[in-house]
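Peer 1: Fold the following for me, if possible:
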Amino acid sequence: MRKLFSVLSIFLLPSLGLGQDYQVPKTEYGHPVLQGVWNFNDNTPFERPRRYGNREYLTEDELVERLDGLNNLDRNQNAREEGLSDRILERPTNDTGAYNAFWSYFDESYPNKRTSLIVYPKDGRIPSTQRGVIMQQSPPGSNPCNDGEVIVAHRPVRIAWGGVSCDRPEDFALATRCLLFPQTVAPYIKANSYNNNIQIVQTRDHVMIKSELGNDPRIIPLDGRPYLDERIRYWTGSSRGRWEGDTLVVETRHFTYKLASLLLRTESYGSAENLVLTERFTRVAENALDYEFTIDDPDTFSEKITVKTNMSALNASIYEFACHEGNYALENMLRAARLKGQKMK
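Peer 2: Numbers count the residues shown, from 1 in each chain. This is a model prediction of the structure:
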């Protein structure tokens, strides 16, 4: 029934309060209320499958089919987990069940009807990169030391998972080192179903946006102050916000060069050193928020990239994300690789 509601909600959007007559509630300072916890689970592909061409929206039948696929995934995972303990006892397995459906949230109570999250360029595809721009890819999860599977000729390592090698800590990817995740820092790109929540807190002159995955709060001034000196570089950049009607607009620049211009789950593009990121948050219903961001980085891409996704209100708390991989797994991988190297000599 939980998933059935997700499908029915496509045709019952008034139940979300969506409509032209919706009046955004205001804070005591007259600003739209965005405060709360928002879930950005979205099964829409980041890039548009080529079969859709320049078509931005799915038909009703296509959308139902996509959400039915989510329902089947949920059912299959639940069935898989029910027999997991027996299978582990009966035969050897690499599947410990550590990330089962208990940790996932698949609901899309504010479904995205688009064929892709990218809406510009019009074909919904990542544009071509400039000459000489470095693209890095994560090796398979089964090969954390990247034994000849993926060639990454340049450092720093800007991929999310895996690593270039197990020779030194800096050769491991950003999430493997618990530094950041694709959905930890802005922009909040399509996540999987895991820890895909943000919390927004408002005051008169500031907005705080905190991602559940990674614990990197962004404190964004709204009072028109200048950006930090460009010599001061952070993973989250330097953000300044303003209100345009009922939309919160956040512009961020001065990212560290160690961050990719576009960081996805398995690949990264270029460097964010000269990236200008513009985000737009618009509450469109009691439980629905439109999120849009534009990547403007002519050093990396031939065109700007604009992405739109949906967020839905989550009547729940977010919790500390304790990245234990950084506590012991990284040390263990380094030790194991060095012991393996000594045996091979």
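Peer 1: so who does residue 133 touch?
Peer 2: Applying C-beta atoms under 8 Å, 6 or more residues apart in numbering to residue 133 gives the contacts 269-270, 299-300. Backbone N, C-alpha and C define where each C-beta goes, glycine included.
Peer 1: same thing but 6 Å
Peer 2: Counting by C-beta atoms under 6 Å, 6 or more residues apart in numbering, residue 133 touches 270, 300.
Peer 1: That one and residue 46: what is the separation?
Peer 2: 18 Å (C-beta to C-beta, to the nearest Å).
Peer 1: can you check residue 140 too?
Peer 2: From residue 140 to residue 46 the distance is 20 Å (C-beta to C-beta).
Peer 1: ditto for residue 215
Peer 2: Taking C-beta to C-beta, one finds residue 215 at 24 Å from residue 46.
Peer 1: buried set for stretch 62-71?
Peer 2: Using 16 or more other C-beta atoms under 10 Å as the test for burial, stretch 62-71 gives 63-64, 66-67, 70.
Peer 1: so can I have a markdown table of the residues you listed showing secondary structure, pLDDT and distance to residue 264?
Peer 2: Listed next are those as a markdown table, based on DSSP: H, G, I helix; E, B strand; the rest coil; pLDDT from 0 to 100; distance: C-beta to C-beta, whole Å:
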| residue | secondary structure | pLDDT | distance to residue 264 |
| --- | --- | --- | --- |
| 63 | helix | 90 | 24 |
| 64 | helix | 88 | 27 |
| 66 | helix | 85 | 20 |
| 67 | helix | 82 | 23 |
| 70 | helix | 71 | 20 |
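Peer 1: can you list those in TSV and add distance to residue 274?
Peer 2: Compiled in TSV, the buried residues of stretch 62-71 are given as follows (distance: C-beta to C-beta, whole Å):
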residue	distance to residue 274
63	38
64	43
66	36
67	39
70	38
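Peer 1: Does residue 290 fall in a helix, a strand, or a coil region?
Peer 2: Put simply, residue 290 is strand when judged by DSSP: H, G, I helix; E, B strand; the rest coil.
Peer 1: Name the residues linked to the closest residue in space to it that isn't next to it in sequence by a beta bridge.
Peer 2: Once flanking residues are discounted, residue 290 sits nearest to residue 282: 4.5 Å by C-beta to C-beta, 6 or more residues apart in numbering. According to DSSP bridges, the partner residues bridging residue 282 are residue 247, residue 290.
Peer 1: quick one: pLDDT of residue 282?
Peer 2: Note for residue 282: predicted pLDDT of 98.
Peer 1: I'd like the numbering to begin with 2 instead of 1 from here.
Peer 2: All set: I'll call the first residue 2, so the last point we hit is now residue 283.
Peer 1: quick one: it and residue 213, what's the gap?
Peer 2: 21 Å.
Peer 1: more neighbours, the two?
Peer 2: More neighbours surround residue 213 than the other of residue 283 and residue 213, with 22 against 18 (other C-beta atoms under 10 Å).
Peer 1: The more buried one is in contact with residue 195, isn't it?
Peer 2: No: the pair residue 213 / residue 195 is not scored as a contact, 9.6 Å apart, by C-beta atoms under 6 Å.
Peer 1: Count the neighbours of residue 274 for me.
Peer 2: 18.
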